[in-house]
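mind folding the following:
(chains A, B, C and D)
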Protein chains: 2
Amino acid sequence: MKRLHFERLMRYHRVLTDWAVASDVVASEHLAKHCGVDPTQVRKDLAALGLRGKPSVGFTGATVLAAIRERLGLDTLKGAVIVGSGRMARALADYPLFSVCGLAVVAIFDDDIEATGEVVAGASLYPLKALPRECRRLGVRLGIITPSRSATPKEAMQALVEAGVRAIWNFTPATLVAPPGVLVRDEQLSVDLAELAYAVRDVPEAR
Amino acid sequence: MKRLHFERLMRYHRVLTDWAVASDVVASEHLAKHCGVDPTQVRKDLAALGLRGKPSVGFTGATVLAAIRERLGLDTLKGAVIVGSGRMARALADYPLFSVCGLAVVAIFDDDIEATGEVVAGASLYPLKALPRECRRLGVRLGIITPSRSATPKEAMQALVEAGVRAIWNFTPATLVAPPGVLVRDEQLSVDLAELAYAVRDVPEAR
DNA sequence: TAGATTGTTAATCGATTAACAATC
DNA sequence: TAGATTGTTAATCGATTAACAATC
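Prediction:
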């Protein structure tokens, strides 16, 4: 199976979605230009999805969109839980882009007394000890760790792993060592920030 | 000037920071292993920072840390403003990792009536029309766009550009076309999410 | 048919990794 | 000196881009 390039595919997806006229025909050259990608690359990516274009015509926008959503599973609704109930958790719980990917935050866990019982963006807040029960009941396989006042990131990871979660998205600064079979991805906002800050530092290079 | 690889440098930075004993000597092999990087790569990256290791000894942790912070400007305090006062804005305003990069959110702008006048994580909330004045007064060059009920992402970008901001970090789903001279970076959480979701989809490949 | 755009092969480019003499 | 680890050059690898015959 060819390795997929998520970033490019999601870029095609976004651009095609922006074009309400996605049912129209689009040439690789055209899509490429708007995505900042080489036309040949577009054709290869689409070929990897099993799509065939018509010579002298192009690809059908709607078909491309559907193929991306199908292959990436964007239409399959996936439940995720969040550990931590702070600002990051609340922001992620109803982050607009998530629904595009078929992600729904189904529950939030934290032992923060003030917060327990609350409902955030449709997700109920439970104490941490309810995590295994709820996760198994809902068949959740994706966990998100955010800063919490009552649980360390490591404790959060342990709870998620015991609950059968297979992939963890870490928004805390902690370095988490994943047990075998569990995928941990650190969201390194600081990396992007560092790049941006570096770009605007004094005396930019000419052109 | 050699092109810097921000992701690796920030990874070295994080690992060395985790090791409280950063003053100790560290071999490229050791650092490489903990960062999931090739040892030769580590030596090249450090060489690009102007660092020299001692054969048969290694590099001094504290020196490496200092060189990374110096080159990336992590110790230079940079002010940033946020447009939008929703949950994402609040989460970012006191995101713990930002201070590591020398970033401080100095003001938040939005025309949301309920929110105006509030103070979030030390940053005051102003109406959008105060943006040019405040940005120029504070010499801000970095702007962050988050979802807002009263301003579209495009309007937010225009306001920031007019205020002299040179780099924009976009957390909304909107596709922003940057005017020349302005760097726009889209934070594509959905790309990472799509990858994670793809990884936990049914019937994972063996091993 | 002429013109446009595809799919695919070959060439290029850059980044990663291996090898090893130099050095502490 | 022997052993360890560096800096750097050469080899490998994979990804991107160019070229072009095939096709609508």
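
show me where chain A has helices.
Ranges of helices within chain A are A:6-18, A:28-35, A:39-48, A:61-72, A:87-93, A:96-100, A:131-138, A:153-162, A:189-199, based on DSSP state H.

tell me which of the ones you listed sits most buried.
helix A:87-93 (a mean of 25; mean count of other Cβ atoms under 10 Å in any protein chain shown). From N, CA and C alone the C-beta is placed, and that goes for glycine too.

turn the helices of chain A into JSON lines, including distance to DNA strand C.
As requested, those are exported to JSON lines (distance: least, Cβ to the nearest atom of the strand, whole Å):
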{"stretch": "helix A:6-18", "distance to DNA strand C": "12"}
{"stretch": "helix A:28-35", "distance to DNA strand C": "4"}
{"stretch": "helix A:39-48", "distance to DNA strand C": "4"}
{"stretch": "helix A:61-72", "distance to DNA strand C": "10"}
{"stretch": "helix A:87-93", "distance to DNA strand C": "29"}
{"stretch": "helix A:96-100", "distance to DNA strand C": "25"}
{"stretch": "helix A:131-138", "distance to DNA strand C": "35"}
{"stretch": "helix A:153-162", "distance to DNA strand C": "27"}
{"stretch": "helix A:189-199", "distance to DNA strand C": "14"}
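
pick out the shakiest of those, pLDDT-wise.
Ranked by mean pLDDT, the helices of chain A bottom out at helix A:96-100, with a mean of 83.

chain center to that helix: distance?
Put simply, helix A:96-100 sits 9 Å off its chain's centre (Cα atoms, centre = their mean, to the nearest Å).

mind giving me the packing neighbours of that helix?
Counting contacts by 3 or more Cβ pairs under 8 Å, 6 or more residues apart in numbering or on different chains; DSSP states H and E, helix A:96-100 packs against helix B:189-199.

compute the inter-axis angle for the helix it packs on and helix A:61-72.
60 degrees (axes from the mean of the first three to the mean of the last three Cα atoms, to 10 degrees).

for helix B:189-199, C-alpha coordinates in PDB please.
Only the C-alpha atoms of helix B:189-199 are listed here, as PDB (Å, rounded to 0.1, in the frame of the first residue of the first chain):
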ATOM      1  CA  LEU B 189      -4.800  20.400  13.700                       C
ATOM      2  CA  SER B 190      -7.100  18.400  11.300                       C
ATOM      3  CA  VAL B 191      -4.100  17.000   9.500                       C
ATOM      4  CA  ASP B 192      -2.700  15.500  12.700                       C
ATOM      5  CA  LEU B 193      -6.100  14.400  13.700                       C
ATOM      6  CA  ALA B 194      -6.600  12.700  10.400                       C
ATOM      7  CA  GLU B 195      -3.300  10.800  10.800                       C
ATOM      8  CA  LEU B 196      -4.200   9.600  14.300                       C
ATOM      9  CA  ALA B 197      -7.700   8.600  13.300                       C
ATOM     10  CA  TYR B 198      -6.300   6.800  10.300                       C
ATOM     11  CA  ALA B 199      -3.900   4.900  12.500                       C
END
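
alright, that wraps it up for me.
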